[in-house]
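**Student:** Provided below for reference: sequence and predicted model.
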Amino acid sequence: MRLLLWWAGRALSSAVTLLGISVLIFAALRLMPGGFAETILGPFATPEQKAELAARYGLDQSVLAQYGHWLAAVGTGDFGTSMISRQPVAAELAARLPVTARLTLLAVAAAVLAGVPLGVVTAVRARPGGGGGAGRLLSGLGVSVPEFALGSLVVFVVSRYGLQTTGYLLPAAVLSIFAISATARTTRDAVLGVLVEQHITAAVARGETPWFIVRHHILRNAAGPVLTLTATITAYLLGGALIVEYLFNLPGVGSYVVQAVGRRDYAVVQAGVLLAAAVFIVMNVLVDLLVGLVDPRLGRRA
Amino acid sequence: MRNRLACGVAAVLTATVTSACGGGTAAAPGTPGGADATGPPGYLALADGKLPAGGALTFAVHIDSGAATGLDPQLADVATSWQLMSLVYETLVTVGPDFAPKPALAESWETPDPKTYVFHLRKGVAFSNGREMTADDVVGSLKRLLAAKSVWRGQLGPVEKVAKVDAGTVKVTLARPYTPFLAALANVPAAVLPMKEIAAGSLDPAKEMLGTGPFKVQDHRQDVSWSFVRNEHYWDKGKPAADSLSVTIAPEEAARVAAVQNGSAALASLGNVDSAAMLAGAADVKVATQATTDFYYLMLNSRNPKFADPRVRQAVNMALDRKQIAEVALGGQGRPTGVTPAGLPGACDPAALPSATGGGAAKAKELLAQAGAAGLSFTLTIYATEPAPAVAQVIQQNLQQAGVTVRIEQMDEASWAGKVYGKAPAPFDSALSWFAGYADPGMVTTWWNPDVAGFNQGFMRADKDLNALIARAGETPAGPERDKALAEVCAKVDTDSQMVPLVTRPATIAYRADAVSPSLYATEGYGNLLRLVADARVKRG
């Protein structure tokens, strides 16, 4: 019963958050300088043309009425029509999501498969001369290098040698540098936090081997922050990896939404932001669940 | 982005910067030429006709055709849209490398008097659905354009009547002589549409393109790609030389540079003056700079008290160093210009304008003092797309010499458009943009009449004398008399200094010499890098 209540509360708070975000983005878009008519129709447009466009997309109604209609439509899965392509926003998002999802999957997989072991190793070898310093330096570099700098360099150098920059491996590699480094640093800190606990000292005293200790006593205890970070990176990337999409010319969600902001293509921006927010909320719920399973103490606290 | 006003303005708006409405002119001495390009006079490059036809062409461009008006060519007001539409649609006449009108869907024409044009239609022209083009299509298209709320309707001039004479002849009557008529007829918005299909409702030209041009659309995904294939019914046998043309939309310049470096695109449009340097040394890549008739201009808002006094505007104009703008901000590829785009036959000499001979920064200071505006300080509102910030910085430094302080305010294009065009009176001091220059020196001057242009009424006051001069230059037949009339327009615009012409705006294209042998004019009037793409030969093996 308690669990059911917990879930109901969680669902309610998610819905309220989404609703709040929808209000914010709706208002923010309409408060932005530069109206859709000047942007989409250009300065030559006559007042009649502007009025016609506004009427076609319901933009001649009060903002409140527009919001009401939009919300009602979203409830039925209709995210509206792009003023530029005249195509349903949902269809275009559905076409672009797989691109973004593939990029995200590859980058996050790299982050977990490379970042977690790196983090554990640098933590275990944190003593002076153990090599942990080099790992810290590398991961520090990885989180500091701006994506656009690394991406531009990769695109330019690779193409200069006649090699293709199409496909997902290169852009995912560029994205994963930050993800791997951030995961390694978080893992290291979490593991270091566990290492000083008494049960580790006890395990060492019992003569257990270091790797047995890592597997059985450290990883589960250190999993919380790492899972949370992984979920955050996943949700962030699913919202669109703008710079990498542009540099590698991949038609993902990020470039779609940002281009729409520039054109004041309201329906596209609203749908894109709502989608990104929903992904964040779902990822958060999932990670809470997962953390609870891996470390039941944290689950009870939740 | 943009980038269109008539095209210039629009270009800005839509997105990208490189797309505006172009204008062009024949290559004049001193016209910027491409780093590696070679070609006969008037051309940057000429396709090698000895190469076998066939093969697939690939082109990377920064922006898609994207407007609320869809794919209707009559409503298109940006050069990037014209460029894509020109693959499918054709006009009665077109322009040659010297900007002279050339036959296209009209095989020939006569002008029995300056107000009458009789077009003899080419025989054997069919739309890509196989239906033969008729005089009814031509008449219907022109009538539809005249009735449309289109920017181009204004450029077409005082058309009074369009009539079918017989199955192969169409007559257009003007209310008064209008010299740029053929030049205006040569641009995509004046294309011949399949009026029978449109009338029957089987074709919505806003959603689908169906024309007589060398290519037809196979597939389009907005902001991602276009796929064109040869129109089997094309009248000019042997063209297009290539079987297909794929266009990739790549907004990021680095992605287009990469595409041409690794050969995934045979041709790519470039927007940054530094990209040529980035491509230097890349194997088999050639970079060509095409001069255009497009030009940057500075708006001094005369409805703002700071610029209400003409002497203040003249002082600002006088303090500008156009050569320096062209050299520093445009990598030496632009040219100083008056309101008649430099490079077009009959354009005025910018070096002879009052602002150029007036005495520079020292005289500007004097004028400001006389106007009680010593120590003037104002904001210059620009959009972020290069090279606008670079142009603005040179202006800022120029004006510093005259004791004027300029604060540069940089915005995204939509916000910029909102501030500049959104309200009347417009809430800005000064702003920077560019116009397409088109193919006749009188066409763009139309926008200096705010009653006709409309978009600039928020920051520009109409001047009766200037309007009369513009109208006279439009009516005077080409020749020394018209050149003189155009020079008067130039001088008047320069003295008025509400919209101040600065420098022309070059277009850059990169291509793989091992993959394609293209034809390119040295100067372009309508911003169309793909104007001669039907001639381009694909190199294979």
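**Tutor:** Alright, I've got the coordinates. Numbers count the residues shown, from 1 in each chain, chains lettered A, B, ... in the order given.
**Student:** a strand runs through residue B:110, doesn't it?
**Tutor:** Yes: per DSSP: H, G, I helix; E, B strand; the rest coil, residue B:110 lies within a strand segment.
**Student:** how about the nearest residue to it, chain neighbours excluded?
**Tutor:** Leaving aside its chain neighbours, residue B:110 sits nearest to residue B:118 (4.7 Å; criterion: CB to CB, 6 or more residues apart in numbering or on different chains). C-beta here means a position set from N, CA and C on the backbone, and glycine is covered the same way.
**Student:** thought residue A:63 was touching residue A:29?
**Tutor:** No: Residue A:63 is beyond contact range of residue A:29, at 9.9 Å (criterion: CB atoms under 8 Å).
**Student:** count of residues packed around residue A:106?
**Tutor:** For residue A:106, the count of nearby residues is 18 (other CB atoms under 10 Å in any protein chain shown).
**Student:** and the stretch 101-250 of chain A, which residues reach chain B?
**Tutor:** Neighbours of chain B within the stretch 101-250 of chain A, by CB under 8 Å from any CB of the partner chain: A:152, A:155-156, A:158-166, A:246-249.
**Student:** give me the below-cutoff pLDDT ranges for the stretch 51-200 of chain B.
**Tutor:** B:67-68 (pLDDT under 70).
**Student:** ranges for the helices of it?
**Tutor:** For the stretch 51-200 of chain B, the helices defined by DSSP state H, counting those that start in this stretch occupy B:79-85, B:135-147, B:151-155, B:181-185, B:195-200.
**Student:** and among these, the most buried is which?
**Tutor:** Among the helices of the stretch 51-200 of chain B, helix B:79-85 has the highest mean neighbour count (mean count of other CB atoms under 10 Å in any protein chain shown), at a mean of 30.
**Student:** hmm, it touching chain A?
**Tutor:** No: Helix B:79-85 lies apart from chain A when judged by CB under 8 Å from any CB; the minimum separation is 10.6 Å.
**Student:** report all helices and strands that that helix contacts.
**Tutor:** In terms of contacts (3 or more CB pairs under 8 Å, 6 or more residues apart in numbering or on different chains; DSSP states H and E), helix B:79-85 is packed against helix B:8-14.
**Student:** pretty sure residue B:231 sits against residue B:215.
**Tutor:** Yes: using CB under 8 Å, residue B:231 is in contact with residue B:215, at 5.8 Å.
**Student:** what about these two, which has more around it?
**Tutor:** Higher neighbour count among residue B:231 and residue B:215: residue B:215, with 29 against 25, using other CB under 10 Å.
**Student:** name the nearest residue to that one, sequence neighbours excluded.
**Tutor:** residue B:228 (3.9 Å).
**Student:** so which helix or strand takes in that neighbour?
**Tutor:** strand B:225-230 (DSSP states H and E).
**Student:** residue B:397: which of the residues of the stretch 101-250 of chain A next to chain B is nearest?
**Tutor:** Nearest to residue B:397 among these, counting by CB to CB, is residue A:152 at 28.9 Å.
**Student:** do I have it right that that closest one meets residue A:244?
**Tutor:** No: between residue A:152 and residue A:244 there is no contact under CB under 8 Å: 10.6 Å.
**Student:** between those two, which one's more packed in?
**Tutor:** Neighbours per residue, other CB under 10 Å: of residue A:152 and residue A:244, the larger number sits with residue A:244, 27 against 20.
**Student:** local confidence estimate at the residue lying closest to that one once chain neighbours are set aside?
**Tutor:** Using CB to CB, 6+ apart and skipping residues adjacent in sequence, the residue nearest residue A:244 is residue A:171, 4.6 Å away. Looking at residue A:171, its pLDDT stands at 94.
**Student:** go through whichever strand or helix holds residue A:171 and flag the buried ones.
**Tutor:** If you go by DSSP H and E, residue A:171 is part of helix A:169-195. By neighbour count on 16 or more other CB atoms under 10 Å in any protein chain shown, the buried set for helix A:169-195 is A:170-188, A:190-192, A:194-195.
**Student:** repeat for stretch A:151-171
**Tutor:** Those would be A:151, A:152, A:154, A:155, A:156, A:158, A:159, A:160, A:165, A:168, A:170, A:171, for stretch A:151-171 by 16+ other CB under 10 Å.
**Student:** contacts only, for residue A:107.
**Tutor:** By CB atoms under 8 Å, 6 or more residues apart in numbering or on different chains, residue A:107 lies in contact with A:172, A:175, A:176, A:179, A:233, A:237, A:241.
**Student:** over to residue A:136?
**Tutor:** A:122, A:185, A:188.
**Student:** nearest to chain B among the residues you listed?
**Tutor:** residue A:185 (29.0 Å; CB to the nearest CB).
**Student:** what about the residue of chain B found nearest chain A, which helix or strand?
**Tutor:** Closest approach of chain B to chain A (CB to the nearest CB) occurs at residue B:418, with a separation of 2.9 Å. Taking DSSP H and E as the definition, residue B:418 sits inside helix B:413-421.
**Student:** who are the packing partners of that helix?
**Tutor:** With contacts defined as 3+ CB pairs under 8 Å, 6+ apart, the packing partners of helix B:413-421 are helix A:36-41, helix A:253-263, helix B:8-14, strand B:377-383, strand B:430-435.
**Student:** average pLDDT across the third one?
**Tutor:** In this model, helix B:8-14 has an average pLDDT of 38.
**Student:** CA atoms of the helix or strand hosting residue B:315 as CSV?
**Tutor:** Using DSSP H and E, residue B:315 falls within helix B:310-319. Below are the C-alpha coordinates for helix B:310-319, written out as CSV (Å, rounded to 0.1, in the frame of the first residue of the first chain):
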residue,chain,number,x,y,z
PRO,B,310,20.5,64.6,-42.4
ARG,B,311,23.8,66.2,-41.5
VAL,B,312,24.4,63.6,-38.8
ARG,B,313,23.6,60.8,-41.2
GLN,B,314,25.9,62.3,-43.8
ALA,B,315,28.7,62.6,-41.3
VAL,B,316,28.4,58.9,-40.4
ASN,B,317,28.4,58.0,-44.1
MET,B,318,31.4,60.2,-44.8
ALA,B,319,33.4,58.6,-42.0
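**Student:** mind listing what's buried in that helix?
**Tutor:** B:310, B:311, B:312, B:313, B:314, B:315, B:316, B:317, B:318, B:319.
**Student:** in chain A, what residue lies closest to chain B?
**Tutor:** Going by CB to the nearest CB, chain B is nearest to residue A:34 of chain A, at 2.9 Å.
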